[in-house]
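Asks: just need the structure, nothing else, for what follows:
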Amino acid sequence: MPAQVKMRMSFALQAVLAFSSAVCAQRGPDVTVGEIHPATIDGSINEYTSVPPDINLTPQAEGARRGRLWIRNIGKGLLIAGDIEDGPPDFPHNKDSLLAKDHIEIWLAAAVDPALPPIGWGHQFGENTLPNGADSCVDNLEAPRDSSPEALRACREWAAKQQKYRRYFQRLFLRQWVLAPDYAIESYAAPAYEEIASRFASKQEIPELLKPRGTPRFWYSPSAKGYTFQVLIPYGIFPPLPSLDLRNLRLLVDVFSAAPAGKKMGTFSGSSPVRVWAKPETFNSLHIDPPRVFRMTPCDLPLSGTDIYGKVRDAWFIPQEEQKGEYESDAFLIVNGAAGYRYEPAGLSPNVRPIHDFWISVRPGEWVCGPQLAHKKDNQGTVFKQRVEAEGLATHRLPNEDLLVKIGPLVSYSEFGSGQCGTCPRTELDVYRLTPDNKIYEALKLGDVIAELGPSPQAQDFTVSPDWSQITEYDQEQDDEKGTPGTWSSTTYCLKNSHYEKCGNKSDVVPPNPPILKELRH
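Replies: Numbers count the residues shown, from 1 in each chain. Got it, this is the predicted structure:
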């Protein structure tokens, strides 16, 4: 990144400090953004000039360019068209001169800022928070072990570091692009991400989901009075959004002139007369009409997910790049870092927890979705309290129209890795029965903790008959005397009246070969 671009933040900050602090409570003009589908996008704005502009640029200093803006939703992104006056532009010929020449800066953010949890950390028994930062360490460390002078000092140092980190984390929810022909640089969130990666986060903790990606496309054409331009911001490079209904955004467009001799930057005009650098509350408020509605799954699951403790929280998402899929499926929560046995302050506060939604088609017009189990049929959807996994998700229709939903067989591990045999693998095979009137029942629930010692099986596997009439669980027993893996036994469950009943046991059997749960075989 050019040195001048890096200097932009401190330069602009000094400039806005001279601006009245009262404007921080104000907001730029509202703009209603309609939807169009232009035949071409090439810098010409002829199809917009027949209607009044959405925004007249406000000069921020004497000699700044005059101009008009039109803003549209084109179904795959935000299109900004501009008519700029006061002579031909002097665009940069290299990145080092980008800020000193004619250029455009665009800021974009969601309609609301992210709500961060209090500074804190978590372990298998719950969360610890420091609502007043370092000042809370005395009252919030776990006594008596953690209240030593060394622990208090470490807590205060960690809390102070998190307060610095949070300033960079919040910048990941705002984009600033510096644009000119042949040049496009994200100069606000991207440097913040680099700072987080180098100063605050371990390789495992870096919030890669929030790493800025892509830049807008820029076109321009000479005009009789100056120049015209078009900028396309695809949905895929948007900052994170807190709602699947894209109705409101905050936008700022600044048009800069080339700097006179002896100056590092020229004068500029902005789309908001009260604009303050990096303060979205002073930007223009965009109202997308009609709204662009995204969907996570065909079952219309909400934008939410569960944290490591199983609590449902509101989520954020970043639209897919170029909208390659019909559904978004990926989102994230803003949560404090947590891990097993993390009794002292550690990790990032906050970080992001990925959320992935999934689904399978039952038949045309009918789906089953997760991780919160949902069923949609004939445009009628039902969301259940049960949570499911994607691995092994399958369905089977019974003659009475009940729908069996199977999860697994699968192997999982405790996220905390704590407790009795906390690092041991866990097996699971569940079957639920959904009735035509949208009632849910547990038809079968199998699984265990796999351990080398104790009463638990040493390994396990499962088979499901093609018609789902029989499900068999295979257990490898312990053999403490010989110190070698023991023999296998099996228990079979038969489908009767839409639920499974135990219908057979065998000893000294041969387990599935090849194994279904390969990771459990010695």
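
Asks: which residues in the stretch 101-250 of the chain form strands?
Replies: Using DSSP state E, counting those that start in this stretch, the strands of the stretch 101-250 of the chain run over residues 103-110, 119-123, 126-130, 174-180, 183-186, 217-222, 227-234, 245-256.

Asks: want to throw the ones you listed into JSON lines with mean pLDDT and distance to K279?
Replies: Bear in mind the C-beta positions are built from the backbone N, C-alpha and C, glycine included. Shown next, in JSON lines, are the strands of the stretch 101-250 of the chain (pLDDT from 0 to 100; distance: least, CB to CB, whole Å):
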{"stretch": "strand 103-110", "mean pLDDT": "98", "distance to K279": "9"}
{"stretch": "strand 119-123", "mean pLDDT": "95", "distance to K279": "23"}
{"stretch": "strand 126-130", "mean pLDDT": "93", "distance to K279": "27"}
{"stretch": "strand 174-180", "mean pLDDT": "98", "distance to K279": "10"}
{"stretch": "strand 183-186", "mean pLDDT": "97", "distance to K279": "18"}
{"stretch": "strand 217-222", "mean pLDDT": "95", "distance to K279": "24"}
{"stretch": "strand 227-234", "mean pLDDT": "96", "distance to K279": "20"}
{"stretch": "strand 245-256", "mean pLDDT": "98", "distance to K279": "9"}
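
Asks: let's have these in JSON lines, adding distance to H396 and mean neighbour count.
Replies: What follows is the strands of the stretch 101-250 of the chain, written out as JSON lines (distance: least, CB to CB, whole Å; neighbours: other CB atoms under 10 Å):
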{"stretch": "strand 103-110", "distance to H396": "42", "mean neighbour count": "23"}
{"stretch": "strand 119-123", "distance to H396": "39", "mean neighbour count": "22"}
{"stretch": "strand 126-130", "distance to H396": "40", "mean neighbour count": "18"}
{"stretch": "strand 174-180", "distance to H396": "47", "mean neighbour count": "24"}
{"stretch": "strand 183-186", "distance to H396": "49", "mean neighbour count": "19"}
{"stretch": "strand 217-222", "distance to H396": "48", "mean neighbour count": "16"}
{"stretch": "strand 227-234", "distance to H396": "41", "mean neighbour count": "22"}
{"stretch": "strand 245-256", "distance to H396": "35", "mean neighbour count": "22"}
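
Asks: Serialize those strands to JSON lines and add fields for distance to P436.
Replies: As requested, those are exported to JSON lines (distance: least, CB to CB, whole Å):
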{"stretch": "strand 103-110", "distance to P436": "41"}
{"stretch": "strand 119-123", "distance to P436": "42"}
{"stretch": "strand 126-130", "distance to P436": "41"}
{"stretch": "strand 174-180", "distance to P436": "48"}
{"stretch": "strand 183-186", "distance to P436": "51"}
{"stretch": "strand 217-222", "distance to P436": "50"}
{"stretch": "strand 227-234", "distance to P436": "43"}
{"stretch": "strand 245-256", "distance to P436": "31"}
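
Asks: figure out which of the ones you listed is closest to E477.
Replies: strand 119-123 (34.6 Å; CB to CB).

Asks: just checking, what packs against the closest one?
Replies: Counting contacts by 3 or more CB pairs under 8 Å, 6 or more residues apart in numbering; DSSP states H and E, strand 119-123 is packed against strand 126-130, helix 149-171.

Asks: so which of the ones you listed is nearest Q476?
Replies: Nearest to Q476, of those and by CB to CB, is strand 126-130 at 35.9 Å.

Asks: quick one, that closest one and strand 119-123 angle?
Replies: Orientation of strand 126-130 against strand 119-123 (axes from the mean of the first three to the mean of the last three CA atoms, to 10 degrees) gives an angle of 160 degrees.

Asks: by contact count, what packs against strand 126-130?
Replies: Strand 126-130 packs on strand 119-123, helix 137-140, going by 3+ CB pairs under 8 Å, 6+ apart.

Asks: follow-up on the earlier one: okay if I get the helices and strands packed on strand 119-123 as CSV plus distance to P350?
Replies: As requested, the helices and strands packed on strand 119-123 are exported to CSV (distance: least, CB to CB, whole Å):
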stretch, distance to P350
strand 126-130, 11
helix 149-171, 7
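
Asks: indicate which one of these is closest to T49.
Replies: helix 149-171 (36.2 Å).

Asks: buried ones in that closest one?
Replies: Using 16 or more other CB atoms under 10 Å as the burial criterion, the residues of helix 149-171 that qualify are 151, 154-156, 158-159, 161-162, 165-166, 168-169, 171.
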